[in-house]
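# Predicted coordinates and the sequence they were generated for:
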Amino acid sequence: MGRATFAARSYRATALVLRTQPLGEADRIITLLSAEHGIIRAVAKGIRKTSSRFGASCEPFTLVDVQLVHGRSLDILTQAQTRAPYGQYLAADYSRYTAACAMAETAERLTAVETGYYSAQYRLFYGAVATLAKAEHDPQLILDSYLLRALAAAGWAPSFTDCVRCGAPGPHSSLNVPLGGVCCSSCRPPGSQTPGAEAIELLAALLAGDWSVADQAADHAKADAGRFVNSFVHYHLERQVKALAHVHRTARNASPQES
């Protein structure tokens, strides 16, 4: 009876490891993101022992096939098989690793507050981690593109073309974080940013995943776009993404004008 009950409570998933934390002397709590179940928090018993069969399968940013058993507060990880060890490639580069940490923190936050939209958040995070691991683009650009698209999937889609207040067609030169994008001269509230046309064009490219434009961006445009993205994330999540403090961002000599 015990084995039958155990089997009935078990399930399988393909997931990405977001983070781990120690539990007791030999266990770890593993936080995963899957398309079917959203955020999964499970105990990997004995994983910190040298004889553990889980090994590197449960390191952050690893794509794994897992088998788990439902528990009261935490599930129990019974099997884990590595599908793609993205974490190994990211850990070798500080910029890519910190960008991945910021994405993981955001993914966990967004998926925790959503219900039923796990698949979209999982696909965006998976795609961004795989792209980071392949070093195909500037880590800062991959991070900002992911953050914009993840927030859009959660229902906070910014606009970088038409005025977010009246719908007047662009281009427009002002950005406003609370309104969610560009504003025309008539609708522009006090405190709006005026970063320049290149930064707004870059933001639009990052939201659309247009790397032919994004890869050509100048450093000052990257800096201004990153500043807006950080503020936009903070505004909608209503708290800081702690890992963003460790992300290397392109600097510029002067901040974009606000008025």
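Received, thanks. Residues are numbered from 1 along each chain as shown.
# Identify the residues contacting the residue nearest the centre of the chain.
Centrality entry for the chain: nearest residue to the mean C-alpha point is residue 103, 2.6 Å, by CA atoms, centre = their mean. Shown in contact with residue 103 (CB atoms under 8 Å, 6 or more residues apart in numbering): 125, 128, 129, 143, 146, 147, 150. Quick note: C-beta positions are derived from backbone N, CA and C, even for glycine.
# What strand or helix carries it?
Assigned by DSSP states H and E, residue 103 belongs to helix 94-113.
# Check residue 46 too.
Using DSSP H and E, residue 46 maps to neither a helix nor a strand.
# Can you give me the neighbour number for it?
15 (other CB atoms under 10 Å).
# looking at it, it is touching residue 27, isn't it?
Yes - here residue 46 reaches residue 27: they are 6.6 Å apart, a contact under CB atoms under 8 Å.
# what sits against the closest residue to residue 219 other than its chain neighbours?
Leaving aside its sequence neighbours, residue 219 sits nearest to residue 250 (CB to CB, 6 or more residues apart in numbering; 4.7 Å). Taking CB under 8 Å, 6+ apart, we find residue 250 in contact with 140, 219, 222, 223, 226.
# Number of residues surrounding the fourth one?
Here the count is done by other CB under 10 Å, and residue 223 has 21 residues near it.
# just the third one next, same as before
Counted with other CB under 10 Å, the neighbours of residue 222 add up to 23.
# Then the last one?
By the criterion of other CB under 10 Å, residue 226 has 25 neighbours.
# residues contacting it?
Residue 226 touches 140, 144, 249, 250, counting by CB under 8 Å, 6+ apart.
# Swap in 10 Å and give it another go.
Neighbouring residues of residue 226 by CB atoms under 10 Å, 6 or more residues apart in numbering: 140-141, 143-144, 147, 199, 202-203, 206, 244, 247, 249-252.
# All the strands of the stretch 1-150 of the chain, residue numbers only.
Here the stretch 1-150 of the chain has its strands, by DSSP state E, counting those that start in this stretch, at 10-23, 27-34, 38-44, 63-69, 75-84.
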